[in-house]
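# model the structure of this input:
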Amino acid sequence: MESQRNISEFIFLGLSYNQNIQIFCFVFFLFCYIAILVGNLLILVSIRCRPHFHQPMYYFLSHLSSMNVCYTSCVTPKLISDLLLGRKTTSYGNCMLQVFTMRFFGIIEVFVLTVMAFDRCAAICKPLHYTIIMNRTRCNLLIVAAWAGGAVRAFSQFSMRVSLPFCGPNEIDHYYCDIFPLLKVACTDTYITGVLVVANSGMVALVTFVLLFGSYVIILFNLRNHSAEGRRKVLSTCGSHITVVTLFFGPSIFAYLRPPTTFPENKIFSLFYTIIAPMFNPLIYTLRNTEMKKAMRRVWYQKMFSDEKHN
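The predicted structure is shown next:
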C-alpha cells in the first residue's frame with residue numbers, strides 16, 4: 001500500500017476563494033464553535049449538579065452533549081484555523097484520523113438519539129413499567145452498545161479509506177476529509193467502494209431515521225390518553241428531540257443516500273450536520289425543553305446565590 005501512496009498531504013479547496021466571504025465564514029464559524037462549547041458545557045454542568053442526572057433522559061442527554069462537542073471538534077477547529085491562516089492543507093495521517101473520528105463520534109451520536117427516542121417511547125407508552133424497562137444497568141448497556149457500534153462502523157469505513165491508493169492529484173473539493181471527495185482523487189476505480197459507502201452510511205442514516213420517526217408516531221398516538229398538561233409537557237420534550245433529529249438526519253440522508261459522486265451543494269449540506277445542527281442542539285434542548293430550563297435555572301440561580309452569600 002505504501003508503494004502506491006506517494007501523497008503526503010491533501011489540499012482543501014474550501015468554501016470560497018473570495019476574501020470577504022472567508023472573513024465572514026471565519027467570524028461566523030468561530031461564533032458557532034464557541035456557542036457549541038458553551039451551550040453543551042452548560043447542559044453538562046446543569047445535569048451533573050442536579051439529581052436529574054440519574055434520570056435516563058438526562059443521562060442520555062449528557063452523553064449526546066459530549067458527543068456533540070467531540071463530533072464537531074473533528075472539523076470546526078481545523079476549518080477556523082484554515083480560514084484564519086489561509087493554509088488549507090492537511091497531512092495524509094491527519095486526514096485518515098479525521099475520517100475515523102468523524103465516523104466514530106457521528107454514529108455514536110446517531111445511536112444515542114435513537115436510544116433517547118426509545119426512552120421517551122417507554123416513558124409515555126409504558127409509564128408503570130418505565131423504571132423497570134429503563135433501569136441503570138440497561139441504560140449503561142445501551143450506551144456501551146452505542147460506543148461499540150461507533151467503533152465497528154468507524155473501523156469498517158476507515159479500512160476502506162486507508163486501503164485506497166492516492167498518487168495525485170491531491171486537491172479535495174471540500175473543507176474536510178469527506179468520503180466522496182476522497183474517492184474522487186483516489187488512483188483506482190472506486191465505484192464498488194462508493195456503493196459500499198452508500199450502503200453503509202446512507203442506509204444506516206435512512207433506517208435510523210425511519211425508526212426514530214416510527215417511535216414518535218407511536219408517542220403521538222399514545223398522547224390521546226394523557227391530560228392537556230401531560231400532552232403539553234410531552235410535546236415540549238419530544239419536540240426538541242424531533243427538531244434535532246430533523247436537522248441532523250435531513251442533510252445526512254441527502255449527502256450519502258445517492259450515487260457516489262460529488263456536487264458543489266455537498267459542502268453546504270455538510271455545514272448543517274457538522275456545525276449548524278451541533279450549534280442548535282443546546283439551544284433546542286434548553287429553550288424548548290421546560291424541564292431542562294427549570295433544571296438549569298435552579299442550578300445557576302443557586303450558584304449565583306451561594307457566591308453572593310459567600311462574598
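# which stretches in the stretch 51-200 of the chain count as strands?
Using DSSP state E, counting those that start in this stretch, the strands found in the stretch 51-200 of the chain span residues 89-91, 171-172.
# return the most buried member of those.
The highest average neighbour count among the strands of the stretch 51-200 of the chain, using mean count of other Cβ atoms under 10 Å, belongs to strand 171-172 at a mean of 18. Any C-beta I mention is one placed from the backbone N, CA and C, and that applies to glycine too.
# for that one, packing partners?
Contact analysis of strand 171-172 by 3 or more Cβ pairs under 8 Å, 6 or more residues apart in numbering; DSSP states H and E lists strand 9-12, helix 179-185 as its packing neighbours.
# about what we covered before: mind putting the strands of the stretch 51-200 of the chain into TSV with distance to T101?
TSV is the format used below for the strands of the stretch 51-200 of the chain (distance: least, Cβ to Cβ, whole Å):
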stretch	distance to T101
strand 89-91	13
strand 171-172	17
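# now find how far off-centre the helix or strand I23 falls within is within its chain.
Counting by DSSP states H and E, the secondary-structure element that holds I23 is helix 19-48. Relative to its parent chain, helix 19-48 has a centroid offset of 14 Å by Cα atoms, centre = their mean, to the nearest Å.
# can you count the residues close to I192?
The number of residues packed near I192 is 10, by other Cβ atoms under 10 Å.
# report the rounded mean pLDDT for stretch 139-150.
Across stretch 139-150, pLDDT averages out at 91.
# check what contacts it and list those residues.
56, 59-60, 63, 103-108, 111-112, 115, 118 (Cβ atoms under 8 Å, 6 or more residues apart in numbering).
# need the helices for the stretch 101-250 of the chain, in chain order.
Under the criterion DSSP state H, counting those that start in this stretch, the stretch 101-250 of the chain contains helices at 130-133, 136-162, 179-185, 191-197, 203-222, 228-256.
# of those helices, which shows the lowest average pLDDT?
Between the helices of the stretch 101-250 of the chain, the one with the least mean pLDDT is helix 228-256; it has a mean of 71.
# next secondary structure element downstream of that one?
Taking DSSP H and E as the definition, the helix or strand that follows helix 228-256 towards the C-terminus is helix 265-271.
# just to revisit the earlier point, from the contacts of stretch 139-150, which two are the most distant?
Greatest spatial distance among the contacts of stretch 139-150 (Cβ to Cβ): P56 and R103, at 26.3 Å.
# ok, back up a step: would you turn the strands of the stretch 51-200 of the chain into JSON lines with mean pLDDT?
Formatted as JSON lines, the entries for those read as follows, by pLDDT from 0 to 100:
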{"stretch": "strand 89-91", "mean pLDDT": "87"}
{"stretch": "strand 171-172", "mean pLDDT": "84"}
